[in-house]
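J.: Only the shape, not the letters, is given here:
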């Protein structure tokens, strides 16, 4: 994939996602169906300037691809959500 905006569609914000952010330093994003874990990791690191520890993906029943991204640095998930204006 070429550009970050081609990989990441938008953050996935639900009550469960907020719990993951608070307790596991993890964020969820809806991403392109064609993006692989390496593309997602690279796009997240370039877009938000935070080191990614792991990426898990799944395709929802609605046909969207959701990425669960855990960050290496403590509080990175909260900092990112603050920067993008979720809370």
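T.: Structure's in. What do you need? The structure presented is a predicted model; accordingly, all values stated were derived computationally and were not measured.
J.: For the closest residue to residue 28 other than its chain neighbours, list the residues it contacts.
T.: Leaving aside its sequence neighbours, residue 28 sits nearest to residue 12 (CB to CB, 6 or more residues apart in numbering; 4.0 Å). In short, each C-beta sits where N, CA and C put it, glycine included. Contacts were defined as CB atoms under 8 Å, 6 or more residues apart in numbering; by that measure residue 12 touches 28, 29, 30, 66.
J.: and the residues you listed, which of them are in strands?
T.: 28, 29, 30, 66 (DSSP state E).
J.: which among the contacts of residue 12 end up buried?
T.: Among the contacts of residue 12, those classed as buried by 16 or more other CB atoms under 10 Å are 28, 29, 66.
J.: Could you tell me how many residues sit around the closest residue to the second one other than its chain neighbours?
T.: By the measure of CB to CB, 6+ apart, the closest residue to residue 29 outside its immediate chain neighbours is residue 67, 4.9 Å from it. Counted with other CB atoms under 10 Å, the neighbours of residue 67 add up to 25.
J.: just the one 10 residues further on next, same as before
T.: Residue 77: 25 surrounding residues under other CB under 10 Å.
J.: what's the spacing between it and residue 33?
T.: Distance, residue 77 to residue 33, by CB to CB, to the nearest Å: 24 Å.
J.: For stretch 33-43, which outside residues touch it?
T.: In contact with stretch 33-43 (CB under 8 Å, 6+ apart) are residues 1, 4, 6-8, 29, 31-32, 52, 55-57, 59, 63-65, 67, 69.
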